[in-house]
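J.: pasting the structure only:
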């Protein structure tokens, strides 16, 4: 009968795994994926080569673990919102997405992929298949559930998920790829999420969406417009070439 590892040994193994992933991310960014060996990663992480190879037999397996780790939602005990309140659900998802994109290391992960994908296209495929797409699929399923519940009217949940996540990431995350000091404050980030939610409610909400007013896009909207923080004042947009 094989003895089960103790809680202490599991905790030590988890700490070593975290150290390996952090060291690998830094070395991949500093020296490139091709220019970084597993031996260098083991040395930087402060673990033996045997320990590293026990957890990650290849560099590709280690990169897959990095992608999976960074795209993991920390509050795993909190599932996606239940359908029935589109506004509240989108607000929750929007805040979680911001936390995911702004966590330490996420920008570095994207920079690694962007720099290395011409020579190692499999890195882009790994980032897409193991990172972005599983998360995107959970948001698509949530929106499809709201559509089934009658609190959203969607022609295509995939398009709606793309629009919602894109509105947030285009302000919160993507400028970081070009602007070294892009650090919007908490108020501006919260405002970006609020504006994305209001846009989704105006486009896809039904009268049952708790504050959303449904309308046919071909029909002019009458009555007072829903008020919200002004983007021009609170959300400075970088000058793109």
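T.: Done, it's in. Note that the structure is predicted; figures quoted are calculated from it, not measured.
J.: Check the average confidence over the strand or helix carrying residue 87, would you?
T.: Using DSSP states H and E, residue 87 falls within helix 86-101. Helix 86-101 comes out with an average pLDDT of 94.
J.: which residues are contacting that helix?
T.: 71, 73-75, 80-83, 106, 135, 139, 142, 146, 151-152, 164-165, 168-169, 172-173, 189, 192-194, 196-197, 200-201, 204-205, 209-212 (CB atoms under 8 Å, 6 or more residues apart in numbering). Just so you know, the C-beta spots here come from the backbone N, C-alpha and C atoms, and that holds for glycine as well.
J.: hmm, which of those residues are the buried ones?
T.: 71, 81, 83, 106, 135, 139, 142, 146, 151-152, 164-165, 168-169, 172-173, 189, 192-194, 196-197, 200-201, 204-205, 209, 212 (16 or more other CB atoms under 10 Å).
J.: if we can go back for a sec, give me the angle between the very next helix or strand once past the helix holding residue 87 and helix 86-101.
T.: Next helix or strand after helix 86-101 toward the C-terminus (DSSP H and E): helix 106-116. Between the axes of helix 106-116 and helix 86-101, defined by axes from the mean of the first three to the mean of the last three CA atoms, to 10 degrees, the angle is 70 degrees.
J.: So which elements touch helix 106-116?
T.: Counting contacts by 3 or more CB pairs under 8 Å, 6 or more residues apart in numbering; DSSP states H and E, helix 106-116 is packed against helix 7-31, helix 59-70, helix 121-126.
J.: And for residue 177, the neighbour number?
T.: Residue 177 has 12 neighbours, counted by other CB atoms under 10 Å.
J.: do you know how far it is from residue 152?
T.: As judged by CB to CB, to the nearest Å, residue 177 and residue 152 stand 31 Å apart.
J.: Ok, residue 40 next?
T.: 50 Å.
J.: Same question for residue 35.
T.: Look at residue 35 and residue 152: by CB to CB, they are 48 Å apart.
J.: Residue 125 too?
T.: When distance is defined by CB to CB, residue 125 is 32 Å away from residue 152.
J.: which regions of this protein lie under the pLDDT threshold?
T.: Residue ranges of the chain with pLDDT under 70: 1-5, 73-78, 209-241.
J.: go with 80
T.: Applying pLDDT under 80 to the chain picks out residues 1-6, 9, 72-79, 180, 208-241.
J.: what's the distance between the spatially closest residue to residue 150 that is not a sequence neighbour and residue 134?
T.: Spatial nearest neighbour of residue 150, chain neighbours left out: residue 208 (5.5 Å); criterion: CB to CB, 6 or more residues apart in numbering. Per CB to CB, residue 208 is found 29 Å from residue 134.
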